[in-house]
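Q: I would like to see how this sequence folds:
(one chain, ligands or ions: 1)
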Amino acid sequence: MMRAAHVLFLSIGLGACGSTPATAPSAAAVDPSAAPSAAPVDPSAPSAAPADPSAKTLTTQSRTYELSVAFDPPAPEMGALFDVVATVVDRRTKLPLVNGKVTLNARMPQHGHGMETDPAQDAGACDKDRTCPHEGGVYRTKGFKFHMGGEWTVTIEVVGASGTDSTSFVYELK
Ligand SMILES: [Cu+2]
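A: Purely as a prediction, here's the structure:
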């Protein structure tokens, strides 16, 4: 028992020592620059984020805000509730939009109907002036549900210090 523990300790110690001069192989194994070439994702997306087919980077119509939008979970199933997370940057200040309002909805224009649910934004911690700061410009909206397959148009309206602007994208639920 003692011997085994001692040997284990030794091998850990050797491994740690051995890795110090041999930085090249271990560094190559975790080289972050290797990740983008391995996965066909948008190179402007943060490399730490997992590949997500619903993740998008959008600029609002009047180019006021830049958003990254992702579903949570990333590939919602038909009839299942999911969240939509929008991270908003003010393009004028280059800063995250902390004190804004982001309203999301989804419709099937070809069918003339919306969702059966009424999504609500996770307000975060609001003070008594009804100001709800969103650290990092992150806005989570809960209660999305695509109840049928096909093309859903997701609309996003952003209200902030630089004005009101909006954008949309089409997501096909297969
Ligand atoms: Cu429909």
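
Q: from here on, just use CA atoms for contacts and neighbour counts.
A: Will do.

Q: what residues are up against residue 117?
A: Going by CA atoms under 8 Å, 6 or more residues apart in numbering, residue 117 touches 143, 144, 145.

Q: which pLDDT does the model give it?
A: With respect to pLDDT, residue 117 scores 93.

Q: where's the nearest residue to residue 174 once chain neighbours are set aside relative to residue 155, distance?
A: Leaving aside its sequence neighbours, residue 174 sits nearest to residue 149 (CA to CA, 6 or more residues apart in numbering; 5.4 Å). Counting by CA to CA, to the nearest Å, the gap from residue 149 to residue 155 is 18 Å.

Q: re the thing from before, give me the neighbour count for the residue nearest to residue 174.
A: 13 (other CA atoms under 10 Å).

Q: for residue 157, same thing?
A: So residue 157, with other CA under 10 Å, has 15 neighbours.

Q: neighbours around the nearest residue to residue 86 once chain neighbours are set aside, how many?
A: Excluding the flanking residues, the one nearest residue 86 by CA to CA, 6+ apart is residue 69, at 4.5 Å. For residue 69, the count of nearby residues is 21 (other CA under 10 Å).

Q: so residue 69 bridges to which residues?
A: residue 56, residue 86 (DSSP bridges).

Q: ok so, going back, PyMOL command for the buried members of the contacts of residue 117?
A: Buried members of the contacts of residue 117 can be picked out in PyMOL with the line below, counting by 16 or more other CA atoms under 10 Å:
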select buried, resi 143+144+145
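
Q: what's near enough to touch the residue nearest to residue 86?
A: Neighbours of residue 69 in contact, by CA under 8 Å, 6+ apart: 54, 55, 56, 57, 58, 84, 85, 86, 87.
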